[in-house]
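Visitor: Dropping the sequence and predicted coords here.
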Amino acid sequence: MKKTLLLRIILILFLQPFFLNAQTTEVKSTSDSESEVKYPQFQFKGLLQARYLESFGDNVDVLGTHHSTGDVTQSSFDIKRMRVGLNTKLSEATEVVILVNLADFKSDPKGKVLENAYGKYTFNKYIALTGGQFRPAFGIEELVPVDIIKSFDFSNQYYEFGKNGWTSFQIGASATGAFDIGKIPFNYAFSVLNGNGKDVEMDKDNGKQYSSRVVFELSKKHKINLGLNGGIGKVFKEKVFAVGADVTSNFQLADKFSFDLQIEYKQGTNHNLYFSLPVDNRTPNVDDYQMRGVYFLPNLRYVVNYQKLTALEFSCRYETFDPNYKIASNVRQTYTPMISLEFGKAYTGRIEAGFQIDNYDHDIPDTSTYSNNLFLIQLQLRL
């Protein structure tokens, strides 16, 4: 009897730690399952930009093209963008982004429609790797979605540098990150690109374009940032380059008034123009064909918060851009005054009205290089 009791006690003492461990493990497992973030996570996005356009130029249509015959469309409704996007978080560090613009189907969709198509892996705040089709960091506008910019559209220099493989949607790989230099926050980006633009089956040559961007936060209170950009590469065995600098700031003037300013300068080889010309009509040196431009974009914001109206904004971008200032200079000056009514948060709804006023040093008949005054009303809805 005593031996049986003793054996039971020994058995209980021996097995008790296992039962306690099992119970603890079960409680911990339950707790972890409740706090664990489940993947994948999906976020759907959308953007509609519908516009009314009216041209006030002589024989210039709403797309900015001059017609010497006088048979032009000078007023029209248009859908600028109808974007649908999906952001997928596969894990805490891995995400896949897809963005398409369905409005591109209204014309030849070749080389259009698909905009973002990339994967990103974030190791930590110091380094993240991106690969696929994306907008490489090479200025202010590359880091800001078109639906929250302070004007109707991106600048002329943005699109021209996009044609030359530095901005807009490009195929390649990129490394980005952030750290502090002393007390100054510092962001960087380094990209290797085909330089062909978006939706191209393969690189047009064996050359690649290497671009970099660094941003210094000079004032946290006024959000003053200084950005520096530089790029080199080869296109059809010809050396090309691009450089740029930009400043952004935001000043809180009063409780409901704020003022922000963007200034950006870019210069680089216009190899897109060079290789588009017949060999007999161009110089042998690609460096003779260079583009440069600068723009100022001030924006005044007044927070209303009256019923559904969130804020009023007034901006007026001034830009000067020359696509070939060394060989055949023809400066394009563009003024874009705009008033904007914001509904909801983060531009969920937005109504914009204003002008795009283009003045060229030399008008070229029957082309889009022709001075014009364009009136715009744009409705924007985003989710």
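Guide: Happy to help now that I have it.
Visitor: Name the residues of stretch 41-60 that are buried.
Guide: Neighbour-count burial for stretch 41-60, counted by 16 or more other C-beta atoms under 10 Å, picks out 45, 47-51, 53, 55, 57, 59-60. All C-beta spots, glycine's among them, are computed from the backbone N, C-alpha and C.
Visitor: out of the residues you listed, which are inside strands?
Guide: Under the assignment DSSP state E, the buried residues of stretch 41-60 contribute 45, 47-51, 53, 55 to strands.
Visitor: follow-up on the earlier one: what's the farthest-apart pair in the buried residues of stretch 41-60?
Guide: Lys45 and Asn59 (40.0 Å; C-beta to C-beta).
Visitor: Would you mind listing where the stretch 1-150 of the chain has pLDDT under the threshold?
Guide: 1-35 (pLDDT under 70).
Visitor: whoops, I mixed them up, the stretch 201-350 of the chain
Guide: Checking the stretch 201-350 of the chain against pLDDT under 70 turns up nothing.
Visitor: Do you have the strands of it handy? List them.
Guide: 209-219, 224-235, 238-252, 257-269, 290-306, 309-322, 332-343, 349-360 (DSSP state E, counting those that start in this stretch).
Visitor: Specify the beta-bridge partners of Arg292.
Guide: Gln267, Asp322 (DSSP bridges).
Visitor: For it, give me its contacts.
Guide: 265-268, 321-322, 325 (C-beta atoms under 8 Å, 6 or more residues apart in numbering).
Visitor: Switch those residues over to TSV; also include neighbour count.
Guide: TSV is the format used below for the contacts of Arg292 (neighbours: other C-beta atoms under 10 Å):
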residue	neighbour count
Tyr265	16
Lys266	25
Gln267	18
Gly268	25
Phe321	22
Asp322	21
Tyr325	17
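Visitor: Lys163: which of those is nearest?
Guide: Among the contacts of Arg292, and counting by C-beta to C-beta, the member closest to Lys163 is Gly268, at 11.1 Å.
Visitor: Spatially nearest residue to that closest one (excluding sequence neighbours)?
Guide: Distances taken as C-beta to C-beta, 6 or more residues apart in numbering put Ala242 closest to Gly268, at 3.1 Å, once the chain neighbours are dropped.
Visitor: cool, Leu99 as well?
Guide: That would be Asn116: by C-beta to C-beta, 6+ apart, it lies 3.6 Å from Leu99.
Visitor: isn't that neighbour right next to Val96, touching?
Guide: No. Counting by C-beta atoms under 8 Å, Asn116 does not reach Val96; the two are 9.8 Å apart.
Visitor: So for the two, which sits in the more crowded spot?
Guide: Asn116 (20 against 16; other C-beta atoms under 10 Å).
Visitor: Could I get the contacting residues of the residue positioned nearest the centre of the chain?
Guide: In the chain, the residue lying closest to the centroid (C-alpha atoms, centre = their mean) is Glu142, at 3.6 Å. By C-beta under 8 Å, 6+ apart, the contact list for Glu142 reads 135-136, 158, 167-168.
Visitor: Would you mind giving those as a markdown table with secondary structure and neighbour count added?
Guide: As requested, those are exported to a markdown table (DSSP: H, G, I helix; E, B strand; the rest coil; neighbours: other C-beta atoms under 10 Å):
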| residue | secondary structure | neighbour count |
| --- | --- | --- |
| Arg135 | coil | 22 |
| Pro136 | coil | 28 |
| Tyr158 | helix | 25 |
| Thr167 | coil | 27 |
| Ser168 | coil | 21 |
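Visitor: Mind checking what secondary structure Gln157 has?
Guide: helix (DSSP: H, G, I helix; E, B strand; the rest coil).
Visitor: May I have the predicted confidence score for it?
Guide: Note on Gln157: pLDDT of 96.
Visitor: list the contacts for it?
Guide: 264, 266, 291, 293-295, 319, 321.
Visitor: And for Ser91?
Guide: By C-beta under 8 Å, 6+ apart, the contact list for Ser91 reads Tyr39.
Visitor: Please apply the same query to Asn229.
Guide: 138-139, 211-213, 242-246, 266.
Visitor: so what's it bridging to?
Guide: Going by DSSP bridges, Asn229 forms beta bridges with Arg213, Gly244.
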